[in-house]
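> mind folding the following:
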Amino acid sequence: MKTVLITGANKGIGFETARQLARQGYHVYLGSRDLANGQRAAAQLQAEGLPTVEAIALDVTDTESVRAARAEIGRKTTVLDALVNNAAITGGMPQTATGASVAAFEAVFNTNVFGVVRVTQAFLDLLHQAPQPRIVNVGSSGASLTLHSDPAWKYYHHKGAVYPASKAALHMYTIVLAYELRDTPFRVNAVDPGFTATDLNNHRGTGTVEEAGTRIAKYVLVGDDGPTGRFISEEYTPVTGEIPW
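Below you'll find the predicted structure:
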C-alpha cells in the first residue's frame with residue numbers, strides 16, 4: 001500500500017485531498033498541528049469507510065514537532081511515496097507593501113516557506129525509498145509574477161504583499177528542488193488548487209474543496225511520464241494545466 005503525508009490535513013483542501021487519496025488506496029498520514037483536531041478528522045474519514053487514515057501531530061513551524069513526526073512515521077514505515085505540503089496561513093488582510101509588518105512576513109513565511117523546507121528535508125530520506133516518489137507543493141495562481149504584472153489579468157488589482165510573496169518563494173523552492181532531483185524518479189510540482197472556498201479566505205472562494213482536492217491528488221498520482229518542476233493551475237489553464245511563473 002502506498003503512503004502519503006499531507007500537512008494541514010485536518011480541514012479544508014488538505015482534508016479533502018486525504019479523502020481522495022484514501023479512496024485511491026493510499027495509507028494517509030494526516031498531519032495536524034493540533035493532534036485532537038487531526039484525530040477527529042481521521043475518525044470522520046474512517047466513518048466514511050476509509051480506514052487507512054491516521055492522524056499525526058505535526059506543526060510545520062516547529063522543528064522539534066517535525067522531527068517527532070518524522071520519527072513516528074519512521075516507526076510505522078520505511079517508505080513514504082508522496083508528500084503534500086498543504087499547510088498555509090494568509091497572515092490576514094490587508095497586506096500593503098507600505099504597511100505590512102515584518103512580523104506578518106515572518107509568521108507567514110515561517111509556515112508557507114520555511115515549514116515546507118523543514119518537512120521536505122525531514123522526510124526526503126523516506127521519499128527516496130519509494131519507487132515513484134511525488135512531492136506536491138500547494139501553490140497559488142495569485143503568486144504568479146507574470147500575471148500580477150499584467151493589467152489585463154482579472155485579479156490584477158487584488159494585490160497582497162505577504163501571502164503572495166510567500167507562495168512565490170515556495171514556487172522558486174519547487175523549481176530548485178525539482179532541478180536537484182531531476183535525475184531521479186521524483187516528480188515535484190507546485191499545484192494551484194484554485195480559488196477555493198475554505199477557512200483560509202473566509203469561504204469567499206468560488207471553487208469547491210472537491211475540485212481542489214482532485215487537482216492536488218492528480219499530481220500525487222501522476223505517472224513517470226508526468227511533469228516535474230512545473231507550476232500547475234487547471235483553474236486558470238484547464239487544457240495544458242501550466243501557468244506562468
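> show me what the longest helix along the chain is packed against.
Longest helix in the chain, counting residues (DSSP state H): helix 163-180. Judged by 3 or more Cβ pairs under 8 Å, 6 or more residues apart in numbering; DSSP states H and E, helix 163-180 is in contact with helix 102-109, helix 115-128, strand 134-138, strand 187-191, strand 230-232. Backbone N, C-alpha and C define where each C-beta goes, glycine included.
> 10 Å instead, please
Here helix 163-180 touches strand 82-85, helix 102-109, helix 115-128, strand 134-138, helix 145-148, strand 187-191, strand 230-232, going by 3 or more Cβ pairs under 10 Å, 6 or more residues apart in numbering; DSSP states H and E.
> any idea which of those gets closest to residue 176?
Proximity to residue 176, assessed across the helices and strands packed on helix 163-180 by Cβ to Cβ, is greatest for strand 187-191 (9.6 Å).
> and the next element down the chain from that closest one?
helix 209-220 (DSSP states H and E).
> re the thing from before, flag every buried residue along the longest helix of the chain.
Neighbour counts over helix 163-180 (16 or more other Cβ atoms under 10 Å) mark 163-171, 173-174, 177-178 as buried.
> now the angle from it to strand 134-138?
Using axes from the mean of the first three to the mean of the last three Cα atoms, to 10 degrees, the direction of helix 163-180 lies 160 degrees away from that of strand 134-138.
> the helices and strands packed on helix 163-180: which one's closest to residue 33?
Nearest to residue 33 among these is helix 115-128; the distance by Cβ to Cβ comes to 10.2 Å.
> which other helices and strands contact that closest one?
For helix 115-128, the packing partners by 3+ Cβ pairs under 10 Å, 6+ apart are strand 3-6, helix 63-76, strand 82-85, strand 134-138, helix 163-180.
> repeat that with 7 Å
When contacts are defined as 3 or more Cβ pairs under 7 Å, 6 or more residues apart in numbering; DSSP states H and E, helix 115-128 packs onto helix 63-76, strand 82-85, helix 163-180.
> hey, C-alpha coordinates of it in PDB?
Only the C-alpha atoms of helix 115-128 are listed here, as PDB (Å, rounded to 0.1, in the frame of the first residue of the first chain):
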ATOM      1  CA  GLY A 115       7.600  24.900   7.000                       C
ATOM      2  CA  VAL A 116       7.800  23.300   3.600                       C
ATOM      3  CA  VAL A 117      11.600  23.300   3.800                       C
ATOM      4  CA  ARG A 118      11.500  21.700   7.300                       C
ATOM      5  CA  VAL A 119       9.100  19.000   6.300                       C
ATOM      6  CA  THR A 120      10.500  18.200   2.900                       C
ATOM      7  CA  GLN A 121      14.100  17.900   4.200                       C
ATOM      8  CA  ALA A 122      13.000  15.800   7.200                       C
ATOM      9  CA  PHE A 123      11.100  13.300   5.000                       C
ATOM     10  CA  LEU A 124      13.300  13.200   2.000                       C
ATOM     11  CA  ASP A 125      15.100  10.000   3.100                       C
ATOM     12  CA  LEU A 126      11.800   8.100   3.300                       C
ATOM     13  CA  LEU A 127      10.700   9.500  -0.100                       C
ATOM     14  CA  HIS A 128      13.900   8.300  -1.700                       C
END
